[in-house]
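S.K.: coords please:
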Amino acid sequence: MKISPVASFYEQNYWRAGFQTRLYDFLTVEAYLESLRKAVACVPEKEGQVWLDAGCGTGRAMEFLGTGGRREIRYLGTDVLEAGLRRLRRRAEEGGSNQRVLGFRGDLTLGLPLPENSVDVVLAHFSLYTLPGEGERRKALRLLGEVLRPSGRLVLVNPSKTYDPRAIVRESLQLLHHRKGWFSAGWHRCFVYPFSLHLGLKFVARQLRSGRWKAYELDELCREVEEAGFRIQHRETVYGGGAFLVTAGPEKPAGDLSGPITRVALPAASE
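M.R.: Residues are numbered from 1 along each chain as shown. This is a model prediction of the structure:
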């Protein structure tokens, strides 16, 4: 299907423009944050863990990793776009955690500058589905498996074939009403989420329908993960019914996640 030059420009600059203008963070719906919160909660708390956020964007996962028993984790965020990494570094500085946070550019299909068996948790939250081919996604999963400890865990969230922008907004408003009250929910309903819907969620839906990005059946996602060398541990539906959360471990686990922590030789930060 042929698309207009304006649509093509928007498609090519969707992420970069969102990161640079901070619209990505401002328009993020509550259901997205809830799916991220659930993804982090799937991993038992332990201080000193090394987390790799693969396709980290602006580093929103740090909001849920700096509490409770995770205060002393090491956070490594990698993304292909420097615009998101700049925001990640500012977020770390503002939160006083920049000594334990590193953002670096990396292509998940080419491998990452990390030692093998050096990461306790790999988080791929709404990232791998943008890779256009099944072969590329499986290659990325295999390469992520190489840096994951034998006792580590992969936490993966990808959109489903039932991805529905309006259902995502409805869940977001319910969450806001429950957590922050009617005023916050009403403000977002009138002044924020209309832009989230039309500039973000509906754009993603078009990409999924066109096949440019990948929408999954649950069995299909689990099969892709297993064929990359992982063993499924947990699965659930999140994001207003529009995504699947799957956790997995290496096919041949060694011990459990509470074992000794491996110290990582960190790559140099990119400027």
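S.K.: any weak-confidence spans in this protein?
M.R.: Within the chain, the segments meeting pLDDT under 70 span 1-9, 12, 67-71, 252-271.
S.K.: And the strands in it, which stretches?
M.R.: For the chain, strands defined by DSSP state E occupy the ranges 50-54, 74-79, 101-105, 119-125, 148-159, 230-238, 243-250.
S.K.: how big is the angle separating the first one from strand 148-159?
M.R.: Taking axes from the mean of the first three to the mean of the last three C-alpha atoms, to 10 degrees, one finds strand 50-54 and strand 148-159 inclined to each other by 40 degrees.
S.K.: Any buried residues in strand 50-54, and which?
M.R.: Neighbour counts over strand 50-54 (16 or more other C-beta atoms under 10 Å) mark 50-54 as buried. For glycine as for every other residue, the C-beta is placed from the backbone atoms N, C-alpha and C.
S.K.: Measure how that strand sits relative to strand 119-125, angle-wise.
M.R.: Relative orientation of strand 50-54 versus strand 119-125 (the same axes, to 10 degrees): 30 degrees.
S.K.: Check the fifth one too.
M.R.: Interaxial angle of strand 148-159 relative to strand 119-125 (the same axes, to 10 degrees): 10 degrees.
S.K.: What pairs with strand 148-159, parallel or antiparallel?
M.R.: According to DSSP bridges, strand 148-159 forms sheet pairs with strand 119-125 (parallel), strand 243-250 (antiparallel).
S.K.: In it, which of the residues would be classed as buried?
M.R.: Across strand 148-159, burial judged by 16+ other C-beta under 10 Å covers 148-149, 151-159.
S.K.: just the second one next, same as before
M.R.: Judged by neighbour count using 16+ other C-beta under 10 Å, the buried positions of strand 74-79 are 74-79.
S.K.: quick check, nearest of the buried residues of strand 148-159 to G181?
M.R.: Of all the buried residues of strand 148-159, G181 sits closest to V157, with 27.5 Å by C-beta to C-beta.
S.K.: Contact partners for that closest one?
M.R.: Taking C-beta atoms under 8 Å, 6 or more residues apart in numbering, we find V157 in contact with 35-36, 39, 124-126, 238-239, 243-246.
S.K.: which residue packs closest to the most centrally placed residue in the chain, ignoring adjacent ones?
M.R.: For the chain, the residue nearest the mean C-alpha position is H125 (2.1 Å; C-alpha atoms, centre = their mean). Distance criterion C-beta to C-beta, 6 or more residues apart in numbering; nearest residue to H125, sequence neighbours excluded, is V157 at 4.7 Å.
S.K.: Kindly state the beta-bridge partners for the one you found.
M.R.: V157 has these beta-bridge partners by DSSP bridges: H125, L245.
S.K.: how far away is it from L27?
M.R.: Taking C-beta to C-beta, to the nearest Å as the criterion, V157 is separated from L27 by 18 Å.
S.K.: Contacts only, for the nearest residue to L144 once chain neighbours are set aside.
M.R.: Nearest residue to L144 in three dimensions, chain neighbours excluded: V122, at 4.9 Å (C-beta to C-beta, 6+ apart). Residues counted as contacts of V122 (C-beta under 8 Å, 6+ apart) are 51-52, 54, 144, 147-148, 152-155.
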